[in-house]
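Engineer: Using only what follows, build the 3D model:
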Amino acid sequence: MERLTTFGVLRPLIQGAILALMLTSNTFAEVPRMPTAIAVPASGKPALSSAKRPGTEHSDLDKYGYVEEEFYLQGVAPAITAAGKNLFEAPYTTRILVRKPADPARFNGTVVIEPFSWFGERGAGWILTRDYLLRRGYAYIGYTLSINTPAVDPKFISDNPTAEAEAIAQYGRIVNFDFMRRFDYARYAPLGTYYDPERFTRGNGPDPFVPQSQGIAAQLALLLKTNAAQSPLAGLDVRRVYVNSWAVTAQVWMDYLDQGRHQQWRMPDASPLIDAYMTGRMAYGEVGGDVIRLPRQMPDGVPFVTVYSQSEVMHDVIESINLPPDTDSPQVRYYEVTGMPHLRLADLGTEHTEQLAADIGKGDDPRCRTLYDEPAELVVSALLDGMDRWVREATPMPKAPRVAREGKAAVRDPATGNLQGGVRPPWVQVPSATYLTEQETGCGLIYDTKVAYSKDALRQRYGSFSHYEQAFEEAKNLSIKEGYLLPEDAASLRSIAKPQDF
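Structural biologist: Take a look at the predicted model:
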């Protein structure tokens with residue numbers, strides 16, 4: 001009787017506490033709107049960024065038992081300023097490109113999503129991890145974040161009129177919806193997202209990013225993880241969604257995390273929409289706005305991984321920007337990968353070209369003659385695998401030392417000419433060249449260059465090709481042990497120097 005009386009007294013208090021908790025939860029967390037995916041009608045040719053087209057995104061999908069499909073993604077999403085203010089909601093129509101195992105039994109439960117680059121709709125994350133994704137049974141979805149060409153395109157605004165005109169002449173045709181419609185008008189004519197340069201600014205100028213970027217991403221993740229019949233991955237049991245976003249689009253995810261969207265937008269059961277974030281080759285704030293390296297509203301229990309090429313390392317060194325420490329709570333990892341260029345010829349998007357040294361009168365500079373194309377995708381694939389194991393098995397990713405710094409300079413080893421510290425792939429552990437950055441050479445390239453060692457230097461360092469090759473094999477084993485090379489990739493990694501170089 002006493003227990004019943006006590007419960008009767010407490011029941012209103014308990015109900016009130018539950019209601020207050022629900023109201024508090026709804027204040028900080030909400031389920032995004034559900035978008036609609038509609039299959040894009042066949043036009044007789046592969047989509048932009050298709051793995052079926054010859055070019056940088058190409059893969060033999062049939063070999064791995066994969067199919068590729070394209071959908072319109074439609075919905076209503078908030079238009080958000082760079083400062084994080086939600087001004088209003090507006091409709092949008094964009095497109096998604098889906099690659100998935102044809103046999104649901106091959107699917108590993110994880111979808112990797114990536115916004116395509118402005119420059120020729122390039123899927124840099126796909127290019128850097130495609131073989132790994134296809135081997136391991138991931139699904140992949142790339143999606144378009146773009147606008148109609150405005151009268152003044154904020155991607156090219158510059159204090160230098162000549163530089164602005166040159167950038168427009170070089171890139172202006174490939175960075176907006178007009179480029180996509182020129183490629184295949186009927187297919188891409190319906191695309192549209194909100195944009196207003198007067199209401200949306202970043203730093204001291206118009207915001208070059210689509211104001212609806214964050215909402216579109218959240219809605220896409222919701223659609224995928226809901227496992228509903230209308231999902232483009234219907235029939236697959238989606239359990240995890242990872243971000244793998246590179247170059248300029250990585251800023252979208254820095255904004256997403258920094259503004260607390262991870263905590264704000266959730267699944268109906270309050271679980272996260274996104275389970276891990278990998279971004280790369282982007283010096284945040286470089287296109288205007290806050291120069292930060294760690295989101296101010298880091299989520300709990302979700303990895304945030306950034307991968308720098310030598311160019312981003314040099315940018316932050318010159319600007320004296322300090323990186324945050326690697327921690328397990330929050331789950332933060334920064335990798336400065338030596339011997340990794342910012343851009344390779346293999347990374348170019350559709351109709352995307354870049355100037356070479358000869359185009360700007362630097363063809364005779366010995367530091368500018370040789371672009372390098374070392375297989376950095378093997379390092380990135382190993383890091384993505386490490387991030388996956390951190391999520392699924394709670395196995396922390398390795399911690400790598402930072403590149404050594406002295407003031408506004410990165411320290412180079414006088415014996416090899418290469419950067420000290422950082423992640424050191426086999427071609428840097430056992431070098432046959434000095435890997436340089438444009439900031440140091442002044443080659444005027446978005447590519448980075450290398451200077452190969454002479455035959456005398458190679459012989460003095462290694463004695464013979466066989467000794468060099470043996471050392472390279474040992475370096476591969478060390479990279480596997482450190483977590484920066486997968487065993488199945490090591491077999492295909494060949495030494496950079498060849499017998500004739502000796």
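Engineer: Report the helix or strand with the lowest average pLDDT across the chain.
Structural biologist: Ranked by mean pLDDT, DSSP states H and E, the weakest helix or strand in the chain is helix 2-28, scoring a mean of 37.
Engineer: Which strands and helices lie in contact with the helix or strand just after that helix?
Structural biologist: Downstream of helix 2-28, the first helix or strand assigned by DSSP states H and E is strand 36-39. Strand 36-39 is packed against strand 66-80, with contacts defined by 3 or more C-beta pairs under 8 Å, 6 or more residues apart in numbering; DSSP states H and E. Bear in mind the C-beta positions are built from the backbone N, C-alpha and C, glycine included.
Engineer: Can you give me the buried ones in the strand it packs on?
Structural biologist: Of the residues in strand 66-80, 66, 68-75, 77-80 count as buried by neighbour count, 16 or more other C-beta atoms under 10 Å.
Engineer: same check, this time on stretch 307-321
Structural biologist: By 16+ other C-beta under 10 Å, the buried positions in stretch 307-321 come out as 307, 308, 309, 310, 311, 312, 313, 314, 315, 316, 317.
Engineer: wait, what's in contact with the nearest residue to the fourth one once chain neighbours are set aside?
Structural biologist: What it means is residue 310. Using C-beta to C-beta, 6 or more residues apart in numbering and skipping residues adjacent in sequence, the residue nearest residue 310 is residue 437, 4.9 Å away. By C-beta atoms under 8 Å, 6 or more residues apart in numbering, the contact set of residue 437 is 310, 311, 313, 314, 448.
Engineer: JSON lines for those, including secondary structure, pLDDT and distance to residue 156?
Structural biologist: As requested, the contacts of residue 437 are exported to JSON lines (DSSP: H, G, I helix; E, B strand; the rest coil; pLDDT from 0 to 100; distance: C-beta to C-beta, whole Å):
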{"residue": "310", "secondary structure": "helix", "pLDDT": "96", "distance to residue 156": "26"}
{"residue": "311", "secondary structure": "helix", "pLDDT": "95", "distance to residue 156": "20"}
{"residue": "313", "secondary structure": "helix", "pLDDT": "96", "distance to residue 156": "26"}
{"residue": "314", "secondary structure": "helix", "pLDDT": "96", "distance to residue 156": "23"}
{"residue": "448", "secondary structure": "coil", "pLDDT": "93", "distance to residue 156": "23"}
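Engineer: Those: which two are farthest apart?
Structural biologist: Based on C-beta to C-beta, the longest span within the contacts of residue 437 runs between 313 and 448 and measures 10.9 Å.
Engineer: Which residue ranges of the stretch 101-250 of the chain form strands?
Structural biologist: Taking DSSP state E, counting those that start in this stretch as the criterion, the stretch 101-250 of the chain carries its strands at 110-115, 139-143, 201-202, 205-206, 240-246.
Engineer: and what of the stretch 401-502 of the chain?
Structural biologist: 405-406, 409-410, 433-435, 450-452.
Engineer: which one of those strands lies closest to residue 370?
Structural biologist: Among the strands of the stretch 401-502 of the chain, strand 450-452 comes nearest to residue 370, with 5.4 Å by C-beta to C-beta.
Engineer: That closest one: partners in the sheet, and parallel or antiparallel?
Structural biologist: Strand pairing for strand 450-452, using DSSP bridges, gives strand 433-435 (antiparallel).
Engineer: what residue ranges in the stretch 301-450 of the chain score low on pLDDT?
Structural biologist: Judged against pLDDT under 70, the stretch 301-450 of the chain has no low-scoring part.
Engineer: Give me the distance between residue 277 and residue 83.
Structural biologist: Separation of residue 277 from residue 83 (C-beta to C-beta, to the nearest Å) stands at 21 Å.
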